[in-house]
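Undergrad: sequence and computational prediction follow.
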Amino acid sequence: MVAPPIIFSSHVDFRMRLVLATLSGRTIKIDRIRSDDMEPGLKDYEVSFLRLLEAITNGSVIEISYTGTTVLYKPGLIVNGTITHNCPLSRAIGYFLEPVALLAPFGKAALNLTLKGITSNGIDLGVDTIRTALFPIFTKFGIMRQELRVVKRGAPPLGGGEVNIFLPHIVLQPSTLHAAVKTPAVTKLRGVAFSTRVSPASVNRVIDGARSVLSATNCETFIFSDVARGEESGKSPGFGVSLVAETRSGWCYTAESIGGAGEVPEDVGARAARMLLEEVANGGMVCRSQLKTVIVLMVLGKEDIGRILLGEGVIDASIVRLLRDIKAIWGTEVRLKENDTFGADEEELDGPTEYVMSVKGIGFVNASKKIA
């Protein structure tokens, strides 16, 4: 007997629900997609993501209602391969790359993906942030050798960027994570400041703005400059910076900022630096942009208890929704307990409240992986 589809409502968490369905093999139905809006139904970037999902899987069935307010998705096997995809200019490349990076390690073959569009827009994760902060998270789960190369940078609104992603490591299941010790201290600060079709001096001014805030930390700071020229500079002027705070144990916190209309480069750098310090101040092992990826990979692990330390500031409504979706699809729950590893006399009174998140893996096995 075929199991009935799991029903979700609203466009919220659209990508993650499709990712969870693909990994679990469960059919899902998403209804009431912007049904009360003046322009109901799917947006162009959501349809584009469905097409990309169709390209990296084999046997997937996608049914969209006439009004676009209901989607029925029957997932197939993840096959990966060599794919080129043109992203709409309404969202950045990171909107498409972030969920695909979660699917690629559980496919049949390596994924060689070329995405064209906007490389950073200040809403979705920028390509530099994905390379320097999200890919290291995968290594904690035994997923290695991710490569991302920025061929062309593309700023909004016209884009023109191109990114090549090579994800060759196929695994049966992620490793179990045990990271519930004390929050590690940040040892160095790294970053990439970039510009397209503006004066190269703008990049130096962005770096100066970031350094003016980060200098108080007394950490080793090195921010690369990437000035796109000629064909590599896309179709629109723009500048921005992606910053990463690294710890000795390999964990990192990240923040990024993109220059808006009429904005001074120094302000963009200073804003990114303050956002980075806020992420570090939240405590725990991961920042907000990494947590969803961590939770999904922990759930997919073998039937063992994995633990990770989280700061109170990273747990928000979107994380609660993700945990509810995971329970609806796999029936597993996550336990959060306030961290009491250290005694009251050792605890810093002004430190952030931290929680230990315990996750029992579902024992996921990659059915798509070729058997040697």
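TA: Sure thing, it's come through.
Undergrad: burial count for residue 218?
TA: In terms of burial, residue 218 registers 7 neighbours under the definition other CB atoms under 10 Å. Every C-beta, even on glycine, is put in place using the N, C-alpha and C of the backbone.
Undergrad: partner residues bridging residue 244?
TA: Per DSSP bridges, residues listed as beta-bridge partners of residue 244: residue 190, residue 254.
Undergrad: so where's this structure uncertain?
TA: Judged by pLDDT under 70, the chain has its weakly predicted residues at 1, 341-350, 370-372.
Undergrad: longest helix of the protein?
TA: Taking DSSP state H as the criterion, the chain has its longest helix at helix 265-281.
Undergrad: buried stuff in that one?
TA: For helix 265-281, the neighbour count (16 or more other CB atoms under 10 Å) marks 265-266, 268-273, 275-277, 279-280 as buried.
Undergrad: quick check: phi and psi on residue 115?
TA: When quoted as degrees, to the nearest 10, the phi and psi of residue 115 stand at phi -110, psi 140.
Undergrad: picking that back up, and the longest helix of the chain, what does it pack onto?
TA: With contacts defined as 3 or more CB pairs under 8 Å, 6 or more residues apart in numbering; DSSP states H and E, the secondary structure elements packing on helix 265-281 are strand 186-196, helix 201-214, strand 238-247, strand 252-258.
Undergrad: coming back round to it: which single one of the buried residues of helix 265-281 is nearest to residue 290?
TA: residue 279 (9.7 Å; CB to CB).
Undergrad: roughly how far does the closest one sit from residue 203?
TA: Taking CB to CB, to the nearest Å as the measure, residue 279 falls 23 Å from residue 203.
Undergrad: ditto for residue 192
TA: Taken as CB to CB, the span from residue 192 to residue 203 is 10 Å.
Undergrad: what does residue 297 give?
TA: From residue 297 over to residue 203 the distance is 34 Å, taken as CB to CB.
Undergrad: swap in residue 312?
TA: When residue 312 is compared with residue 203 (using CB to CB), they lie 35 Å apart.
Undergrad: identify the residues contacting the residue nearest the centre of the chain.
TA: Closest to where the C-alpha atoms of the chain average out (CA atoms, centre = their mean) is residue 98, at 4.4 Å. Residue 98 makes contact with 15, 124, 125, 130, 134, 293 under the criterion CB atoms under 8 Å, 6 or more residues apart in numbering.
Undergrad: how about the helices and strands packed on helix 265-281 in TSV, adding mean neighbour count and distance to residue 26?
TA: Supplementary listing: the helices and strands packed on helix 265-281 in TSV, determined by neighbours: other CB atoms under 10 Å; distance: least, CB to CB, whole Å:
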stretch	mean neighbour count	distance to residue 26
strand 186-196	23	39
helix 201-214	20	44
strand 238-247	26	35
strand 252-258	26	32
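Undergrad: which strand or helix spans residue 62?
TA: Following DSSP states H and E, one finds residue 62 within strand 61-64.
Undergrad: who touches whatever helix or strand comes next after that strand?
TA: Using DSSP H and E, the next helix or strand after strand 61-64 towards the C-terminus is strand 71-74. By CB under 8 Å, 6+ apart, the residues outside strand 71-74 that reach it are 5, 18, 21, 27-30, 33, 42, 50, 60-65.
Undergrad: picking up where we left off before, and the helices and strands packed on helix 265-281 as TSV, adding distance to residue 107?
TA: What follows is those, written out as TSV (distance: least, CB to CB, whole Å):
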stretch	distance to residue 107
strand 186-196	29
helix 201-214	37
strand 238-247	27
strand 252-258	26
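Undergrad: of all the ones you listed, which lies closest to residue 146?
TA: strand 252-258 (14.5 Å).
Undergrad: returning to what we had before: now do the longest helix of the chain against strand 186-196, angle only.
TA: On the basis of axes from the mean of the first three to the mean of the last three CA atoms, to 10 degrees, helix 265-281 is oriented at 150 degrees to strand 186-196.
Undergrad: can you list the residues that contact helix 265-281?
TA: For helix 265-281, using CB under 8 Å, 6+ apart, the contacting residues are 186, 189, 191, 193, 202-203, 205-214, 217, 239-245, 253-259, 287-288, 313, 352.
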